[in-house]
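>>> Whatever this is, show me its structure:
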Amino acid sequence: ARAPLPPPPPTSRGVTSGTPTPPAAAPSTAAASAPVDQPAPLPPPPATSRGTSPAPGAASDPSATASAASPDQACGGRVFLARNLCLTEQCAKGQFRQHPTCVRMRDEERQREQRQQMAN
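Numbering: from 1, shown residues only. Reported below is the predicted structural model:
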């Protein structure tokens, strides 16, 4: 036995050559179980060992840094240059000025300046 031929494709108004389109047949079980092409929801941002990654600009948000226990925590998931810039900004704030990370960064900066002066 042959399968029935599919109806001709509808025009923009659902009418083909002046004849109304017959109602669609019930989907087969194979078609009903086929996945619909929809984008999957985005996963949450990856967590770091210090918590979740902050949104861009979060380090300059007073509420974000007020709850941070250290400049490292305030700069969260930032990497490379962004992390260094964030740490510099955090260490300029009074609450972290004497934090070991900030003291170490200032010492390293002084040493760089001294080496540069000796090279000139």
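
>>> What residues of stretch 95-112 count as buried?
By 16 or more other CB atoms under 10 Å, the buried positions in stretch 95-112 come out as Phe96, His99, Thr101, Cys102, Met105. Using the backbone N, CA and C atoms, a C-beta is placed for each residue, glycine as well.

>>> Please list the members of those that lie in helices.
Cross-referencing the buried residues of stretch 95-112 against helices under DSSP state H gives Thr101, Cys102, Met105.

>>> Provide a list of residues in contact with the first one.
The neighbourhood of Thr101, defined by CB atoms under 8 Å, 6 or more residues apart in numbering, consists of Ser70, Pro71, Asp72, Leu87, Cys91.

>>> from those residues, which is closest to Leu81?
Of all the contacts of Thr101, the one with the least separation from Leu81 (CB to CB) is Leu87, at 10.7 Å.

>>> pLDDT score for the closest one?
Note on Leu87: pLDDT of 97.

>>> Would you agree it falls within a strand?
No: using DSSP: H, G, I helix; E, B strand; the rest coil, the secondary structure at Leu87 is helix, not a strand.

>>> so it makes contact with Ser70?
No: applying CB atoms under 8 Å, one finds Leu87 not in contact with Ser70, separated by 9.9 Å.

>>> So which bits of stretch 74-86 are buried?
Ala74, Cys75, Gly76, Gly77, Arg78, Arg83, Cys86.

>>> just to revisit the earlier point, among Leu87 and Ser70, which residue is more densely surrounded?
Leu87 (22 against 16; other CB atoms under 10 Å).
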